[in-house]
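Novice: Got a sequence here, can you build the structure:
(chains A, B and C)
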Amino acid sequence: MRFVASLVISVLTLAVGLPAAAQQGVTDSEIVLGCSNSFSGPLAYTGEQATKFGVDLYFKVVNDAGGINGRKVRTVYYDDGFKPQEAVANTKKLVEQDRVFAVIAPQGTAPVSATLDYLEENKVPLLFPFQGSPITRGRKYVFSGMTLYDRQSKMMIDYLAGQRKLKTFATIYQDDDYGKAFLTGFEKDLGRYNLKLVAAEPVKRGVTDVSAQIAKLRAASPQVTFLVLTPGPGAQALKEQQKIGWTDTIMVSSGPLTDEKYLGLAGEAAGGVEGLSLWPDPLTSDLPGMKAYRDAMVKYFGKNEPNRYSLSGYFAAMLFTEGAKRAGKNLTRESLITALEGVKGFESGILPPLSIGPDHETQKQGFWVRVEKGRFKQLTDWLKSE
Amino acid sequence: MNVRRAWPLLVVAALAVWPLIAPRYFVFLASVVLVNVVVAIGLNLLTGYTNQMSFGHAGFLAIGAYAAALLTIHAPAIPVVFTLLLAGAITAAVGLAFGVPCLRLGGLYLSMATLAFGFVITEAILNLDTLTKGADGLRVPVARLGPLPLGTDAARYYLTAAVAVLMVAAAVNLVRTRPGRAFLALRESEIAAQASGVPVAAYKAAAFGISAFYTGVAGGLFAFVVGFLSPDAFDVFLSVDFVVMIIVGGLGSVPGSIVGAAVVTVLYDWLAAFQNYRPLIFGAILIGCTLFMPGGIVRVLARR
Amino acid sequence: MTWATVIHVVVSGLATGAIYALMALALVIVYNATRTLNFAQGEMLMISTFVAWAAQRALGLPLVMALVVAVVAGAALGWVVERLVIRRAIGGTHWDVLLITVGLSLILRAVAGLVWTHDEFPFPSFFPSAPVSLGAVRLAPVSLGVLGASLALMAALWALFRFTRLGRAMRAVAQNQRAARLMGISVERVYSTSWMLAAVVGAIAGVLVAPVVFLSSKMGLVVINGFTAAVIGGFGSMPGAVLGGLLLGVLENLAPLYLPSGIRYSVPFVVLIAILVVRPAGLVGRVERRKV
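Specialist: I've put the predicted structure just below:
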């Protein structure tokens, strides 16, 4: 009898919260979007900023101004703690239970790629994921967000080897998909200039000491050393460079790394570091879109400092809004895809005029910066990767 | 036909009609619950019956999952049933190779060693990236039962349910037989068991091997149900979740394992909506259960 | 590689290893008293470091005072945790306490995230990082300082366990609780002192490691290295914890210097497997004999 009771409990717990009938995420008054993201685990900060203080920030502005064609946007987020199996479960729940219209701004290569096939099969748009590996290419329902890593590598090499005529390159890279994607990109792009990496040192995730890697890189005496790391280890590498008094190399940070966070962590060790920046300075840029972003942040989340993670989420919501407006009153998944594909010369006031083609890549540019007096100073105009 | 005879049939019938009546997401969630049921039973056979706690079962799950995925990729002709058996056997072999030296140690030391084992396995997955694709993650192809591809949530559910029912039945029978009674004797007092002529070392190793086998098979199911594997999936907190399942459900009880797995899995899924508060709530529940509900749900029900 | 480079890398590894050793010691102190692994050690370390940092920012304290704040916060946290939660579960199985500490680690990390966000913050260091030259060898004061401070703390711990009444009581409890109780030692007091002592050692390790791994809600994860060190050394053995920590730190640094990239990071875990399979009680540990 005990066993039967236990089983009844098991079945009942399963049956809790069976769904109410719903549309496909669009009604006359509402659009439902959502994503699975990291709210705990290693990327909790990025995840929370991009969604609650980024995507939601822009939608608050839109909703207070009357919504998109009269529809207010509502968002649903679930925590996956950067675990792919949880991302799969959350994404299924979003699509099948919450009946979201589209998935917007999920984070991380492994969690995102775990859900790619499922979303494509179910014809659910996956919009502007916060990751740069080219796994998102060539899918009908997927639009990439961040400038993809291979494009970043191309811009970095074209600028340094092409324009500045530098000859010897080395890299210290994160030993995962992010680092390896850049490594492959560097090797390919340097090949076009008949150059090779003189040293490439992997760093394991969560490592506490990079002295050996920096020592080996220094022994190869490169003119340029690429840092393809996350903020913590990136700052550690700069501090280690300072520790051994290595000055005759230009440290160059990858796009995802080039932000104020890592500058703050490295402190004075970051002086003179260069890098590819994907976004204008969130605190000081006087572009009109950036001012609007900061004003909105002050208005809705006064305690939260502007940063590039929330900016990227804000921008994703902005692009969605542009697409949904173009799709008009008859908003369907298909009409959204068509509308986004038709975006030409969109003025965001944040990035240069943006066009999305059939390749579904929204960002393809970056500009060069150098750290001076603790901030990134813009050295070039927007670089192109076409 | 009395009630005791009837309920297994009722359960099987309920499992069989579930995909017909439940919404799609709950079919998937039920598959995850069933995978966790198999792990919880495996862990409970080790812990509840021989008093040895493992904090490395996420590692065993990973071995089974990667073994099944790699077998399906490189030997797609093998029917999924054999793939799962092989996944279980490989996991049991690795488990024994690692476990036997540690079994000489006391119960707590085994916990430490299994915890370390969990770290070792995720490191191994990262480092054997030519095979496992490391941190990029591994896409698991659709399982095949002969010519039949198991490509839908319902198909994967039926596979999982069938395997889970068999594994539960096997566990129920095992604990009633001579080895099962020997396991219980081990839990009560190893030395007394030895004095009564139970070959302690052999039975402990057997319990460890069976536990690893169960978890390996569950790992194979996990691979097919989730469809994507990466080392991030199998961290120490997953091992802890499994321990929580058997503590919440009830140590040394097959029904307890089932209830624990179901409650914890559904709770965890439900808490995902609480975003940053999830660890807080889950942690509080964990402490509360340990302090105020020793013996788990099964004990609470039995008292009523 | 030149010798000068190798020496720099080894010293850097010893400094990291010394911090691992402190974390391993904190784990071992708790283990010896309450026979459990404190899963929340890392999060307790993280909280005390955060408190020190917050006090330093709010009150403009010098770093030494921040260290004092960390120590006090650590001790208070250790006491509260032991008194309020752990002691209630002492009578249960060993994994009851372990599970409670798991729950605590989840809660503490979530609380830190809610209070200070999950962001990473720079933490000031006691020691400058500009190198000093000794002949051809360049050494960073920060490595030497961390190493020196850790060794001093270890020496203090050794003296505490060797020469004080409290230390003897703790060793007696570690060896045999029932006998210790019969000899008139207050085992409960040893429990709570051990938790406080471990939390203090952790807090100091936290202040030393925070400039390196940065302050964040996830910094507690470095204690995994302390755990590995303790297992390599032999869980329960304090000399083993120190040996394991230093060995791990140096291995982690030397392997990238000499081994190809594919296998270098396998070294610590190959050592760990070898220890588990060949000598499961660790380098220094002994297998405990169990009696009826």
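Novice: all helices for the chain, in order.
Specialist: No chain was given, so I picked chain A. Per DSSP state H, chain A carries helices over the ranges A:2-15, A:44-50, A:56-64, A:84-96, A:109-121, A:149-157, A:177-191, A:211-219, A:231-243, A:260-266, A:288-300, A:308-327, A:333-341.
Novice: try chain C instead
Specialist: If DSSP H is used as the criterion, the helices of chain C fall at C:3-34, C:41-59, C:63-81, C:87-89, C:94-116, C:141-163, C:165-175, C:177-182, C:187-213, C:223-233, C:238-258, C:261-264, C:266-278.
Novice: which stretch in those helices has the least confidence?
Specialist: Least confident of the helices of chain C, judged by mean pLDDT, is helix C:261-264 with a mean of 68.
Novice: quick one, which of the helices of chain A is packed in tightest?
Specialist: Each of the helices of chain A was given a mean neighbour count from mean count of other CB atoms under 10 Å in any protein chain shown, and the largest, a mean of 28, is that of helix A:44-50. Quick note: C-beta positions are derived from backbone N, CA and C, even for glycine.
Novice: which helices and strands sit right next to it?
Specialist: Packing partners of helix A:44-50 (3 or more CB pairs under 8 Å, 6 or more residues apart in numbering or on different chains; DSSP states H and E): strand A:30-37, helix A:308-327.
Novice: Kindly recompute the last result at 6 Å.
Specialist: The criterion is 3 or more CB pairs under 6 Å, 6 or more residues apart in numbering or on different chains; DSSP states H and E, and the helices and strands that helix A:44-50 contacts are helix A:308-327.
Novice: Now find how far off-centre the helix it packs on is within its chain.
Specialist: Here helix A:308-327 shows a centroid-to-chain-centroid distance of 13 Å under the convention CA atoms, centre = their mean, to the nearest Å.
Novice: now swap in stretch A:319-330 and tell me
Specialist: 22 Å.
Novice: Other residues contacting that stretch?
Specialist: Under the contact criterion CB atoms under 6 Å, 6 or more residues apart in numbering or on different chains, stretch A:319-330 has outside partners A:V62, A:I68, A:N69, A:L127, A:L331, A:S335, A:L336, A:A339, A:L340, A:F346.
Novice: On the pLDDT front, check the closest residue to the last one other than its chain neighbours for me.
Specialist: To tie it back to what came earlier, the one meant is A:F346. Closest residue in space to A:F346, ignoring its immediate chain neighbours: A:L354 at 4.6 Å, by CB to CB, 6 or more residues apart in numbering or on different chains. With respect to pLDDT, A:L354 has a value of 92.
Novice: Export the contacts of stretch A:319-330 as CSV, with columns for pLDDT and distance to A:N304.
Specialist: Below are the contacts of stretch A:319-330 laid out as CSV (pLDDT from 0 to 100; distance: CB to CB, whole Å):
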residue, pLDDT, distance to A:N304
A:V62, 96, 19
A:I68, 94, 24
A:N69, 92, 29
A:L127, 96, 23
A:L331, 92, 30
A:S335, 92, 34
A:L336, 94, 29
A:A339, 94, 31
A:L340, 94, 28
A:F346, 93, 26
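Novice: Nearest to B:G137 among those?
Specialist: Compare each of the contacts of stretch A:319-330 with B:G137 using CB to CB and the shortest gap goes to A:L127, at 21.1 Å.
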